[in-house]
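Peer 1: whatever this is, show me its structure:
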Amino acid sequence: MKNRTLLPRALLVLGLTVVAIVFLVPTLTGGPLFGLSFLPKNKISLGLDLQGGTHLVMAVEVEKAIENSANQTIEELRRELRKDGVRPKKIERLDGSRIQVVVPADGREKLNQTLEEHFPNLQTVASRADDGDFVTELTVNPRDVQHMRENAVDQSLETIRNRIDQFGVAEPVIQRQGDRDILIQLPGITDPQRAKDLIGRTAVLEFKLVRQGGGAEQYADGTKPLPAGTEVLYEVEKDQVGSRRKKGKPILVESPTLMTGDVLTDARVQTGQYGNQYVVGVTLDSRGARIFEDLTGANVGRQLAIILDNNVYSAPVIKTKIPGGQAIIEGNFDINEAKDLAIVLRAGALPAPVTVAEERTVGPTLGQDSIRRGLTSFAVGGSLVVIFMLVYYKFAGFLADLALVLNVLYLLAGLAAFDATLTLPGIAGIVLTIGMAVDANVLINERIREELRLGKSARAAIDAGYERALPSILDTHVTTFLSGIILFQFGSGPVRGFAITLCIGLVSSVFTAFVVTRTIYDYLLTRWRLQTVSI
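Peer 2: Numbering: from 1, shown residues only. Coordinates of the predicted model:
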């Protein structure tokens, strides 16, 4: 390096050091430097193993997904038969994926044609003539059933991941475990029940018309039989302590679902009409906007029930046709309830219910113990390295130790800047980085020693030492950096934490070894006319 670059390099090192300190102030004090709001506020987050949190294993009820698929197939089959002029007398699910279809005898050919053209995944188990009707039993192809089982878990995994990402948990662990379980670790979650409610909500959104005439209580308690094509659902209300209960006021709704949440493209929290309550505004796609406009235009004056997971959240009166694909879900929400509802609607519905198979809460005592042990190992290992470098390399060892301190400073600042999470494996990554940083300085110092033994001047020995050590150091650091990227790409939460720490540490290690220490040497050679090196 030429002397004319000395000042820019010195300013670069000084500037990076100041920036690193600014980024670490929020972690140490809880706020930006001097309380200035425009400065960085990112803090180093601690993982589940350091700060505690919630450990969940959720079981996916895959058989329910198969039942839901069979029910959807029944509705599609009924619709296709009616298009072909066949009015089925009965289409029902017997169990699992088995379906029974009863049509008039003269509709047999049409039924077989419809099944062949539109439902290749259905196989005929048995068929018979019965009092002028044709009865057939169908089942879903076993390969498709197995695919649905696997897809239910995979889709549930992605849906849960999307919900938790929007929930704002730093470095969660979400991965498949076994055939139908999903492992979830949420560091720092102080309200595990809210997290479980958010994860487990199936979020099936439906719009149905409320039957005119009232009297839902009589049908709910069995005093009167339900009219054909209707069902009783219940409003979701709050109890005295503010938590939601499942059954509130009964409402008689018409069974046909006029629109579902699959036409929804966005959901967001809004302030209600009176400013002291929250609602969820939803945006519909072009098909949903068209359906909603026709629906509201044809039913002015009637109540439209907005139903989530078979619970009525609101049943407003349609006052006019509503174009534009915008709708409001009201339900006397507080801010957290509105946010959670918006999250599950944006992330999509779970294909099947999930239940908590295992739950553990990692307390702060375990976290503090882990932090103490991790910091102790870091302090002991770092101190031994510093002492060894000072004793063995004298002044050159002092420069290596200075580079080591700056390396750790830059590494921690990088974690804060990238909003990364520090875990126990991350602390191991820091210790490994210290080892590699020391190794780089050892290579440089040994090369300088060799050149001095050959009788070269201090400047020539330093130039040759850095030049000859560079290829070896870059080789080891680049290969290790690539390994860290692979670990980050394919690893789970703790492994990713280790990879992030390792990669940031490798970059800062090369910088401190070749820029920081070389800048100090060049300054001493230029300003102090250094004639020898204490090494």
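
Peer 1: what about Leu452, neighbour count?
Peer 2: Here the number of neighbours of Leu452 (other Cβ atoms under 10 Å) works out to 19. In this view, the C-beta of every residue, glycine as well, is placed from N, C-alpha and C.

Peer 1: oh, I was asking about Thr260
Peer 2: 15.

Peer 1: pretty sure it sits against Glu206.
Peer 2: Yes - using Cβ atoms under 8 Å, Thr260 is in contact with Glu206, at 5.5 Å.

Peer 1: low-confidence stretches in the stretch 301-450 of the chain?
Peer 2: Counting by pLDDT under 70, the stretch 301-450 of the chain shows low-confidence ranges at 331, 347, 349, 363-368, 370-371, 374.

Peer 1: just checking, Leu183 is part of a helix?
Peer 2: No - looking at Leu183 with DSSP: H, G, I helix; E, B strand; the rest coil, it is strand, so not inside a helix.

Peer 1: correct me if wrong: it contacts Pro172.
Peer 2: No - with contact defined as Cβ under 8 Å, Leu183 and Pro172 do not form a contacting pair (10.4 Å).

Peer 1: what about those two, which has more around it?
Peer 2: Pro172 (25 against 18).

Peer 1: check contacts around the more buried one.
Peer 2: Residues counted as contacts of Pro172 (Cβ atoms under 8 Å, 6 or more residues apart in numbering) are Ile164, Asp165, Ile184, Gln185, Leu186, Pro187, Gly493.

Peer 1: buried subset of the residues you listed?
Peer 2: Neighbour counting by 16 or more other Cβ atoms under 10 Å classes Ile164, Ile184, Gln185, Leu186, Pro187, Gly493 among the contacts of Pro172 as buried.

Peer 1: which strands or helices does the helix or strand where the first one lies pack on?
Peer 2: It refers to Ile164. Here Ile164, judged by DSSP states H and E, is contained in helix 142-167. Applying 3 or more Cβ pairs under 8 Å, 6 or more residues apart in numbering; DSSP states H and E, one finds that helix 142-167 contacts strand 53-60, helix 62-83, strand 173-177, strand 181-187, helix 192-200, helix 335-347.

Peer 1: right, so of these, which gets closest to His147?
Peer 2: Proximity to His147, assessed across the helices and strands packed on helix 142-167 by Cβ to Cβ, is greatest for helix 62-83 (10.4 Å).

Peer 1: chain center to stretch 159-172: distance?
Peer 2: The gap between where stretch 159-172 is centred and where its chain is centred comes out at 3 Å by Cα atoms, centre = their mean, to the nearest Å.

Peer 1: that one - what's its average pLDDT?
Peer 2: Mean pLDDT, taken over the full extent of stretch 159-172, equals 76.

Peer 1: quick one: buried residues of it?
Peer 2: Residues of stretch 159-172 classed as buried under the neighbour-count rule (16+ other Cβ under 10 Å) are Thr159, Ile160, Arg161, Asn162, Arg163, Ile164, Gln166, Phe167, Val169, Ala170, Glu171, Pro172.

Peer 1: repeat that for stretch 471-478.
Peer 2: For stretch 471-478, a neighbour-count test (16+ other Cβ under 10 Å) marks Ile473, His477 as buried.

Peer 1: list the neighbouring strands of the host helix or strand of Val103 plus their orientation.
Peer 2: Here Val103 sits within strand 98-104, counting by DSSP H and E. In the sheet containing strand 98-104, the strands it pairs with under DSSP bridges are strand 90-95 (antiparallel), strand 133-140 (antiparallel).

Peer 1: the next helix or strand after that strand versus helix 62-83: what angle between them?
Peer 2: Later in the chain than strand 98-104, the nearest helix or strand by DSSP H and E is helix 108-118. Angle, helix 108-118 to helix 62-83, by axes from the mean of the first three to the mean of the last three Cα atoms, to 10 degrees: 120 degrees.

Peer 1: report the contact partners of the residue nearest in space to the middle of the chain.
Peer 2: The centroid of the chain falls nearest to Asp165 when counting by Cα atoms, centre = their mean (3.2 Å). Asp165 is in contact with Pro172, counting by Cβ under 8 Å, 6+ apart.

Peer 1: name the single longest helix found in this structure.
Peer 2: Criterion DSSP state H: the longest helix present in the chain is helix 364-417.

Peer 1: secondary structure class for the residue of the chain most remote from its centre?
Peer 2: With distances taken as Cα atoms, centre = their mean, the residue sitting farthest from the centre of the chain turns out to be Gly455, at 60.7 Å. Under three-state DSSP, Gly455 falls in the coil class.

Peer 1: got phi/psi on it?
Peer 2: Taking degrees, to the nearest 10, you get phi 90, psi 10 for the backbone angles of Gly455.

Peer 1: got a list of what it touches?
Peer 2: Residues near Gly455 by Cβ under 8 Å, 6+ apart: none.

Peer 1: again with the one 3 residues further on
Peer 2: Under the criterion of Cβ under 8 Å, 6+ apart, the neighbours of Ala458 are Leu452, Leu525, Leu530, Gln531, Thr532, Val533.

Peer 1: lowest-confidence one in the residues you listed?
Peer 2: When those are sorted by pLDDT, the bottom entry is Leu530 at 70.

Peer 1: dump the C-alpha coordinates for stretch 406-416 into CSV.
Peer 2: Coordinates of the C-alpha atoms in stretch 406-416 are reproduced here as CSV (Å, rounded to 0.1, in the frame of the first residue of the first chain):
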residue,chain,number,x,y,z
LEU,A,406,-11.9,-3.8,16.7
ASN,A,407,-12.9,-7.0,15.0
VAL,A,408,-15.3,-7.9,17.9
LEU,A,409,-16.6,-4.3,17.9
TYR,A,410,-17.3,-4.4,14.2
LEU,A,411,-18.9,-7.9,14.5
LEU,A,412,-21.3,-6.9,17.2
ALA,A,413,-22.2,-3.7,15.4
GLY,A,414,-22.8,-5.8,12.2
LEU,A,415,-25.2,-8.0,14.2
ALA,A,416,-27.1,-4.9,15.4
